[in-house]
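# Sequence below, structure please.
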Amino acid sequence: MNLDDVIEFANEASDQIGKYKLEVILSPNHLRSNDYVINNLNWESIAYGKDELDSIPDNKRGVYAFVVSAPSAVLPPHGYVLYIGIAGRDSRRSLRARYKDYLNQKKIMKRERIARMIGHWHEVLRFFFVPLDDDVSNEDIQRLEQQLNTALIPPFSFGDLEAETKRKRRAFT
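Here you go, the predicted model:
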C-alpha cells in the first residue's frame, strides 16, 4: 500500500483544521452571571494590527478582549472571546500602551499562548476595549477582569479567574 495520499490528507487536515482546534468552556451558569463590579460597559473594537491604533485611548486605563470575529454578509453574527485582560494593573498604563505590547514581537514571543493566539487568528482577530474613568480603582479593574474571565473562561486566559473556578478548571487541563 502507498501511504503518500493518506499522509498528504493527514498533513492537510492538520494544517487546515487541527491547528485551530481549541477546547472551549461555555458554562450557562457562568454566562448568566450578572453580578459585576461595573454594571455597564460600552465596548469598542478594532481589527488586530496597527491600522486603527489611534482609535484606542492613550489616556485611559480599561479592560480589553481579543475576539475571533469575521463579519460577513452571509454568516450569522459570531465571535469567540479568546483572551481578556486589563490596562492599568497597579498603574496608570493606557489601553493603547497595553495594546502595543500585542504588536511587539519580542513581548509576544515571551508568552507562548498569546503567540499562538495571534499567530493563528491574526487575520480574524479583533481587539475589543472599554476605557474606564479615573475614578474606577485598580482593585475594581482587577476584579472586573476576574469576573469577565470567570464568566467566559476564555481559552487563552488562565490566571485571572475567580479562585474556585480556576481550581475546577485545573481538573480539565
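
# Please count neighbours and contacts with C-alpha atoms only from this point.
OK.

# and the residue most central in space within the chain, helix, strand or coil?
By CA atoms, centre = their mean, the chain has its centre lying nearest to residue 83, at 2.0 Å. Following DSSP: H, G, I helix; E, B strand; the rest coil, the label given to residue 83 is strand.

# Tell me who's in contact with it.
Contacts were defined as CA atoms under 8 Å, 6 or more residues apart in numbering; by that measure residue 83 touches 65-67, 149, 154-157.

# For it, which residues count as its bridge partners?
Here residue 83 sits in beta bridges with residue 66, going by DSSP bridges.

# Same check on the one 4 residues further on?
In this structure, residue 87 has the following beta-bridge partners (DSSP bridges): residue 62.

# Residue 37: what's its closest spatial neighbour, skipping adjacent residues?
residue 144 (5.9 Å; CA to CA, 6 or more residues apart in numbering).

# picking that back up, nearest to residue 88 among the contacts of residue 83?
The closest of those to residue 88 turns out to be residue 65 (CA to CA; 14.4 Å).

# I'd say that closest one and residue 79 touch.
No: taking contacts as CA atoms under 8 Å, residue 65 lies outside contact range of residue 79: 11.4 Å.

# which of those two has more neighbours?
More neighbours surround residue 65 than the other of residue 65 and residue 79, with 23 against 15 (other CA atoms under 10 Å).

# residues in contact with that one?
Residue 65 sits next to 81-85, 127-129 when contact means CA under 8 Å, 6+ apart.

# got it, and residue 31?
Counting by CA under 8 Å, 6+ apart, residue 31 touches 151-152.

# Distance check, the residue nearest to the centre of the chain against residue 145.
Distance, residue 83 to residue 145, by CA to CA, to the nearest Å: 10 Å.

# Can you tell me the element the residue nearest to residue 37 falls in?
Element membership for residue 144 (DSSP states H and E) is helix 138-152.

# Repeat that for residue 156.
Going by DSSP H and E, residue 156 is not in any helix or strand.

# what about it, neighbour count?
Using other CA under 10 Å, residue 156 has 18 other residues around it.

# same question, residue 44
The number of residues packed near residue 44 is 14, by other CA under 10 Å.

# Was I right to think it contacts residue 67?
No: using CA under 8 Å, residue 44 makes no contact with residue 67, being 11.8 Å away.
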